[in-house]
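K.L.:
Build me a model:
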Amino acid sequence: QVQLVESGGGLVQAGGSLRLSCAASGSIFSINAMGWFRQAPGKEREFVAYATRSGGTTYYADSVKGRFTISRDNAKNTVYLQMNSLKPEDTAVYYCAVSSLYYSRSAASYDYWGQGTQVTVSS
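P.N.:
Sure thing, here's the model as predicted:
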């Protein structure tokens, strides 16, 4: 079992920045990819970004590329999502997740999920 605790969400004006954190505990030896997903009201959960175990390989959804940066600190078992130039359409509940796979953009490939943190971007 892996437990994930997210923090860092909140309300920000368009153009602003937020940094999300997600700390993992438990059976962390099973973790390879760490990712972020988001779900806006009335929409399906969508992929945002992932980082491989070493953090050396990252991948982003086109909608956030160039604005968001995912990173991980394996010494702290923590993954981060730095979000810059935020837009109202980034408003959603953001979830971190971990997978035993090396990498994946599919939510179905992630084994454990955080509780979610709300990000609201006002125009």
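
K.L.:
quick one, strands of this structure?
P.N.:
Counting by DSSP state E, the chain has strands at residues 2-7, 10-13, 18-26, 34-39, 46-51, 58-60, 68-73, 78-83, 92-98, 112-113, 117-122.

K.L.:
buried sites along the longest one?
P.N.:
Read that as strand 18-26. 18, 20, 21, 22, 23, 24 (16 or more other Cβ atoms under 10 Å). In short, each C-beta sits where N, CA and C put it, glycine included.

K.L.:
Could you list every helix and strand that that strand packs against?
P.N.:
Packing partners of strand 18-26 (3 or more Cβ pairs under 8 Å, 6 or more residues apart in numbering; DSSP states H and E): strand 2-7, strand 34-39, strand 78-83, strand 92-98, strand 117-122.

K.L.:
Let's have these in TSV, adding mean pLDDT and mean neighbour count.
P.N.:
Shown next, in TSV, are these (pLDDT from 0 to 100; neighbours: other Cβ atoms under 10 Å):
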stretch	mean pLDDT	mean neighbour count
strand 2-7	96	17
strand 34-39	98	24
strand 78-83	98	22
strand 92-98	98	24
strand 117-122	98	17
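
K.L.:
okay, those in CSV with distance to residue 68 next?
P.N.:
Formatted as CSV, the helices and strands packed on strand 18-26 follow (distance: least, Cβ to Cβ, whole Å):
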stretch, distance to residue 68
strand 2-7, 15
strand 34-39, 8
strand 78-83, 5
strand 92-98, 10
strand 117-122, 11
